[in-house]
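[1] Sequence isn't available, so here's the structure alone:
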């Protein structure tokens, strides 16, 4: 009798613990199973691991929200890279010059030594800014021009009195313009005629000894496109 009184509570306790364990395992498994089934449409069957694979034949699995979001990000990056390959740049030096107004070191730009015929375009948006016709060797260490190509260079007076040159289209920083360019007598008269009206006026057009402007540009802000 005494054994029976002790055995019944112990058996009840064992049953309770076993039931709790089974329920906990079932809930845990259900939660895991539910998490594994996220992103699958309600019309499809979510197969519990271990069940026959034939149950999922013909069902269409959909990507989860996280996967869709990741795919969208990757697609956006690819689109951006595609645009940058045509216009824009990832180059840190170009970005520092165009966006932050930094000045590159003297004699570091390959454009100082470019002798081919062609155009010099904005490295950010591709706008034609200068032409090889207006390029000359100023000896300063930066690519220099005495005229713009199509008047696409805007001028902004800075706090120290210098005239900053920016791209008319995107506003990227290019460099500065100074009044100490080549003399008019040193430039072909044919090249002097088509100077854009928006260019800086220096000296007198009637005086052949007067100087033209010097557009002192950062080579990092330009892309050279050879003329075919």
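    Structure received. All values reported here derive from a predicted model rather than from experimental measurement.
[2] Checking the nearest residue in space to residue 210 that is not next to it in sequence next. Helix, strand or coil?
    Among residues not flanking residue 210 along the chain, residue 203 sits closest, at 2.7 Å (Cβ to Cβ, 6 or more residues apart in numbering). C-beta coordinates here come from the backbone N, C-alpha and C atoms, glycine included. Assigned by DSSP: H, G, I helix; E, B strand; the rest coil, the conformation of residue 203 is coil.
[3] Just the pLDDT at residue 203, thanks.
    Among the per-residue scores, residue 203 shows a pLDDT of 83.
[4] neighbours of it, just the number please.
    Residue 203 has 16 neighbours, counted by other Cβ atoms under 10 Å.
[5] Same check on residue 128?
    When neighbours are defined as other Cβ under 10 Å, residue 128 has 15 of them.
[6] Next up, the contacts around it.
    For residue 128, the contacting residues are 119-121, 149-150, 152, by Cβ atoms under 8 Å, 6 or more residues apart in numbering.
[7] For it, grab phi and psi.
    Main-chain torsions, residue 128, degrees, to the nearest 10: phi -70, psi 120.
[8] Test of understanding: give the bridge partners of it.
    Taking DSSP bridges as the rule, residue 128 bridges to residue 121.
[9] Same check on residue 222?
    Beta-bridge partners recorded for residue 222 (DSSP bridges): residue 122.
[10] The one 4 residues further on too?
    Going by DSSP bridges, residue 226 is paired in beta bridges with residue 118.
[11] thought it was touching residue 121?
    No: the criterion here is Cβ atoms under 8 Å, and residue 226 misses it with residue 121 at 11.4 Å.
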